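Enquirer: quick one, structure for this:
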Amino acid sequence: MKNIFLLFSAIIIFSSTSFAQTVEDAIRYSNLSVGGTARTVGVGGAFGALGADFAGISINPAGLGMYRSSELVMTPTFKITNTEATLAGASKQKENKNNFNFNNVGVVFQNEGRASGKWISNAVAIGYNRVANFNREVYYEGETSGSFTDRFLEQASSLGPDQLSEFESYLAFQTGALYRTDPDDNSTWTTDYLQGGGNQSIFKKQSITQKGAMNEMVLALGANYNHKLMVGVTIGVPFISFEETKIYDEEDTENEIDFFNEMRYEETLKTSGVGINLKLGLVYRISQMFRLGLAVHSPTGMSLNDTYSSSMRYDFTTPDLNGAIEEDSPDGSFDYGLATPWKAIVSGAAIIGRSGFISADVEYMDYDFANFNFTGDTDTDDLREFEQELNTDIDDQLTSAINLRIGGEYAIKNYRIRAGYSNAGSYLDQSDIEKVQAITAGIGIRQEYFYADLAFKKSFTESNYVPYRLINPEDGQQVYNLTNNSRIMVTLGFKF
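Expert: Numbers count the residues shown, from 1 in each chain. Predicted coordinates:
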């Protein structure tokens, strides 16, 4: 009788507004890492107390004060991303994603100061640094209890009959994945999975494809005061481009559930936007050997636009109906704002004569300061409520993190050998699952008017992924991801 109730209920017109923003969005656009030049990457990114490197403009702009000549720089990069995903103890599934890009392109104009003054020199830089690379593919599969329809059911049970999400629960209703046993009682929403007991193990799989980047255009000024104090400022304008496609499937391979055969739910999201931030820095030369650096990065104020859609296919069999029903959502679009947290970087370096250096950066960032703004253009009760709920989730789920970078360079005449290590602390409150570690190595050659550097970076990221969210997180699915990123980059610099 399932199809009779579906047809009877279909006379009700449902409408809703869907908001696609999540805590993960705040993390994605806050948790950045300067792609850097091959020299910066070769020493683990620990360049806050050093200078005369274009990537340092996005770390500590005071390093501009150490330039002794003008230069043009570019860094082509090849990235290989390998992701292993495991659903609830099932076998690991591996996916690879390759990407070629330019980590940075820029030019620095150096000027000598007045011969009689203590401002020895200054420099202006313009160009861009890549601060985030979103390219990744994830795939997992396995048999566990629970179903995506649990989310649709919770959503329908908590909303009025005219408020089902046209991107989620209303699609489930239209395709037969969600229905009512009593068309006149809104409390009788149910699913085939729930009718079968609600604890069966069913086969599920999902593929996730992400691509895009955040490239920060930089305009920076640095100056050198008496070879003792370097100061600098950078205006950063990041451009954001992110695309994600998720395809989720469930199948009753053991025929344990009446009616239900297969389900597919597909989501697409495209985010674009622009932001602005300010970076202030100084480097103090304690002695010929030791330097200290301090940099403060303001929040990045972003103006973002999301376009999104979803579709669903539900295959079930009843005495009166055999086949699949497919439905598509409308195209959604939403403009909103995001402010990322402040960042502070304390750095130290020891210059070992002409033999090289050892350097370290300690970076502090309080992720729960991230804040969404949904009411800049349109102010409604729904927008205000969702904005408050999401910002509260950020406060509850995120915390401060300390990131450590350390590295060194050894010089043999015109040649350089480099190595480094970085460790990013977890930004999740009361959790250490989100971990990022990286090891780096590099070589280079320095000539009077030209230099070339080669670097390799291997990073390891551990994280948990939740395919669909429920009121009680323990009732949902958990996917463990281990992502390995390998980057090979070459920096070419031309002095003039």
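Enquirer: max-length helix in this structure?
Expert: helix 381-397 (DSSP state H).
Enquirer: so which bits of the helix or strand just after that one are buried?
Expert: Proceeding N to C from helix 381-397, the next assigned helix or strand is strand 400-412, under DSSP states H and E. Using 16 or more other CB atoms under 10 Å as the burial criterion, the residues of strand 400-412 that qualify are Ala401, Asn403, Leu404, Arg405, Ile406, Gly407, Gly408, Glu409, Ala411. Quick note: C-beta positions are derived from backbone N, CA and C, even for glycine.
Enquirer: identify the bridge partners of the closest residue to the third one other than its chain neighbours.
Expert: If the residues on either side of it in the chain are set aside, Leu404 comes closest to Asn423, at 4.9 Å by CB to CB, 6 or more residues apart in numbering. With DSSP bridges as the criterion, Asn423 is bridged to Leu404, Gln437.
Enquirer: low pLDDT regions in the stretch 201-350 of the chain?
Expert: Across the stretch 201-350 of the chain, not a single residue meets the criterion (pLDDT under 70).
Enquirer: where do the strands sit along it?
Expert: 201-225, 229-251, 260-285, 290-297, 301-317, 322-328, 332-339, 343-351 (DSSP state E, counting those that start in this stretch).
Enquirer: mind putting the ones you listed in CSV, mean neighbour count included?
Expert: Formatted as CSV, the strands of the stretch 201-350 of the chain follow (neighbours: other CB atoms under 10 Å):
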stretch, mean neighbour count
strand 201-225, 20
strand 229-251, 19
strand 260-285, 20
strand 290-297, 20
strand 301-317, 19
strand 322-328, 13
strand 332-339, 18
strand 343-351, 19
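Enquirer: out of these, nearest to Ala26?
Expert: Closest to Ala26 of the strands of the stretch 201-350 of the chain, according to CB to CB: strand 332-339, at 6.6 Å.
Enquirer: got a list of contacts for the closest one?
Expert: 18-21, 25-26, 29, 167, 299-309, 369-374, 376-377 (CB atoms under 8 Å, 6 or more residues apart in numbering).
Enquirer: reformat the strands of the stretch 201-350 of the chain as JSON lines; add distance to Asp381.
Expert: Shown next, in JSON lines, are the strands of the stretch 201-350 of the chain (distance: least, CB to CB, whole Å):
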{"stretch": "strand 201-225", "distance to Asp381": "33"}
{"stretch": "strand 229-251", "distance to Asp381": "29"}
{"stretch": "strand 260-285", "distance to Asp381": "25"}
{"stretch": "strand 290-297", "distance to Asp381": "35"}
{"stretch": "strand 301-317", "distance to Asp381": "21"}
{"stretch": "strand 322-328", "distance to Asp381": "28"}
{"stretch": "strand 332-339", "distance to Asp381": "16"}
{"stretch": "strand 343-351", "distance to Asp381": "34"}
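Enquirer: pretty sure Trp79 sits in a helix.
Expert: I think there's a mix-up here, since residue 79 is Lys and not Trp. No. Applying DSSP: H, G, I helix; E, B strand; the rest coil, one finds Lys79 to be strand, outside a helix.
Enquirer: quick one: residues contacting it.
Expert: Per CB under 8 Å, 6+ apart, neighbours of Lys79: Asn98, Asn99, Phe100, Asn101, Asn133, Asn135, Asn485, Ser486, Arg487.
Enquirer: who does it form a beta bridge with?
Expert: Under the criterion used (DSSP bridges), Lys79 bridges to Asn99, Arg487.
Enquirer: how about Met230: what's its closest non-neighbour residue?
Expert: Gly65 (3.4 Å).
Enquirer: and for that neighbour, the neighbour number?
Expert: Residues near Gly65, counting by other CB atoms under 10 Å, number 27.
Enquirer: could you do Phe100 as well?
Expert: 8.
Enquirer: surely it touches Ile80?
Expert: No. When contacts are counted by CB atoms under 8 Å, Phe100 is not listed as touching Ile80 (10.4 Å).
Enquirer: hmm, back to that, just give me the closest of the buried residues of strand 400-412 to Ser147.
Expert: Distances from Ser147 to these, taken by CB to CB, are shortest for Ala401, at 34.5 Å.
Enquirer: isn't the closest one up against Asn423?
Expert: No. Ala401 lies out of contact with Asn423 (CB under 8 Å); the separation is 10.4 Å.
Enquirer: overlap in contacts, these two.
Expert: Between them, Ala401 and Asn423 share no contacting residue, judged by CB under 8 Å, 6+ apart.
Enquirer: which one (most neighbours) among the contacts of Lys79?
Expert: Going by other CB under 10 Å, Arg487 tops those with 24 neighbours.
Enquirer: show me what contacts that one?
Expert: Arg487 touches Val41, Thr77, Phe78, Lys79, Ile80, Ala455, Phe456, Lys457, Lys458, Ser459, counting by CB under 8 Å, 6+ apart.
Enquirer: do that again at 10 Å, thanks
Expert: 35-36, 38, 41, 77-81, 99, 101, 103, 133, 438, 440, 455-459 (CB atoms under 10 Å, 6 or more residues apart in numbering).
Enquirer: mind giving me the PyMOL select for those, buried ones only?
Expert: Listed next is the PyMOL selection for buried residues among those, using 16+ other CB under 10 Å:
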select buried, resi 35+36+38+41+77+79+81+99+101+103+133+438+440+455+456+457+459
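Enquirer: ok, and the closest non-adjacent residue to Gly418?
Expert: No, residue 418 isn't Gly; it's Arg. Going by CB to CB, 6+ apart, Arg418 has Gly42 as its nearest residue, at 3.5 Å.
Enquirer: hang on, isn't Ile488 packed against Thr77?
Expert: Yes. With contacts counted by CB atoms under 10 Å, Ile488 reaches Thr77, the gap being 7.1 Å.
Enquirer: pull up the overlap in contacts between those two.
Expert: With CB under 10 Å, 6+ apart as the test, Ile488 and Thr77 both reach Ala38, Val41, Ala455, Lys457.
Enquirer: what is the neighbour count of the residue lying closest to Asp182 once chain neighbours are set aside?
Expert: Spatially, and ignoring its direct neighbours in sequence, Asp182 is nearest to Thr188 (4.4 Å; CB to CB, 6+ apart). When counting by other CB under 10 Å, one arrives at 13 neighbours for Thr188.
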